[in-house]
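[1] Fold the following.
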Amino acid sequence: MANLKEIRNRITSVSSTMQITSAMKMVSAAKLKKAQDAITAMRPYAEKLTELLQNLSATLDGEVGGDYTTQREVKKVLLVAITSNRGLCGAFNTNIIKEVKNRSAFYAGKQVDVFPIGKKGNDVLVKTHKAHGHHNAIFDHLTFDNVAAIADVLTEKFLSGEYDRIELIYNQFKNAATQIVQTEQFLPLAPIKSDVPVSTGDYIFEPSKEEIVLTLIPKSLKTQLYKGIRDSFASEHGARMTAMHKATDNATELRNQLKLTYNKARQAAITNEILEIVGGAEALNG
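    Residues are numbered from 1 along each chain as shown. As a prediction, the model looks like this:
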């Protein structure tokens, strides 16, 4: 059994760790509220924009979307891996890295590069894939304009023929304890299929439907990327809050066990001292 000083040092160390994890949990909880409100407010807009694009496209004859819908033979693939800049958030980043590796295996025999957004993903994936920068600073100023600039870069890489397919991989926020890894095709635009009957009212479009669709597509792509990063941002804080909550609980349990061990060791030491005193007194009397 460890001596009393070693146990006291361990109790002090665990207590300090527990204070840190508890503070991190509270900070993440506060940030989660803002991030959750942001993604919750944005989803209806993104869904309505997609619905509008589907309704307009479904009423047009032939293929609509121009270069954005060009289906080329897939030889070069770009995976946009959205992770975080910081750790201590459970399996949040690990799940994205695993999915990137799974998609790379799926495209075996083809050129698969990554476009990491977030330091943690970049640090790992740059060792196994060709990476296009890291784009870590986006989380310091997470605005639609900053994300739109990245979306423009990705769009240009597809339109120029540098890549034949671009996919987004990110954690979709469900709740603080649950994040779902999503893989979405970013470009080319997948054919629009809907089982819901399209309402073809007597509308006058100005400019034409075709021009409206071609104007909405770039905006829809920017919104899709922005929603993905916003989802990931909220998921990060949810995952970190959950991880720090579990870490705090584990630290509390460990501290209680150490205190129990300390008390037992102290009682044993006191008992031994009493026995020595009694033994010595009896020896003197004898």
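[2] Packing partners of the helix or strand containing T17?
    T17 is part of helix 4-58 when elements are defined by DSSP states H and E. Using 3 or more Cβ pairs under 8 Å, 6 or more residues apart in numbering; DSSP states H and E as the contact test, the elements touching helix 4-58 are strand 165-175, helix 209-285. (Glycine included, C-beta is placed from N, CA and C.)
[3] which one of these is the most hemmed in?
    Using mean count of other Cβ atoms under 10 Å, the stretch among the helices and strands packed on helix 4-58 with the greatest mean number of neighbours is strand 165-175 (a mean of 21).
[4] picking up where we left off before, next, the angle from the helix holding T17 to strand 165-175.
    120 degrees (axes from the mean of the first three to the mean of the last three Cα atoms, to 10 degrees).
[5] Could you identify the helix or strand that succeeds helix 4-58?
    Once the chain leaves helix 4-58, the next helix or strand it forms, by DSSP H and E, is strand 76-81.
[6] What lies in contact with the helix or strand that that following strand is followed by?
    Sequence order places helix 92-106 as the next helix or strand after strand 76-81, per DSSP H and E. Residues outside helix 92-106 that contact it (Cβ atoms under 8 Å, 6 or more residues apart in numbering): 77, 79, 81-84, 87, 112, 114, 118, 120-121, 124-125, 128-129, 167, 169-171, 179, 181, 183, 235-236, 239-240.
[7] From the residues you listed, list just the buried residues.
    Judged by neighbour count, with 16 or more other Cβ atoms under 10 Å as the criterion, the buried members of the contacts of helix 92-106 are 77, 79, 81-84, 112, 114, 118, 120-121, 124-125, 129, 167, 169-171, 179, 181, 235-236, 239-240.
[8] Export the helices and strands packed on helix 4-58 as CSV, with columns for distance to T70.
    As requested, the helices and strands packed on helix 4-58 are exported to CSV (distance: least, Cβ to Cβ, whole Å):
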stretch, distance to T70
strand 165-175, 11
helix 209-285, 12
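[9] what about the ones you listed, which gets the closest to D67?
    Ranking the helices and strands packed on helix 4-58 by distance to D67, with Cβ to Cβ as the measure, places helix 209-285 first at 9.7 Å.
[10] other SSEs contacting the closest one?
    helix 4-58, helix 92-106, helix 144-159, strand 165-175, strand 178-187.
[11] Taking strand 76-81 as reference, get the angle to that helix.
    Relative orientation of helix 209-285 versus strand 76-81 (the same axes, to 10 degrees): 50 degrees.
[12] Run the chain-centre distance for helix 209-285.
    The chain centre lies 19 Å from the centre of helix 209-285; the measure is Cα atoms, centre = their mean, to the nearest Å.
[13] Quickly list the domain ranges of the protein.
    For the chain, the TED database gives the domain ranges 1-21+244-281, 23-240.
[14] Report the rounded mean pLDDT for the last one.
    Domain 23-240 comes out with an average pLDDT of 88.
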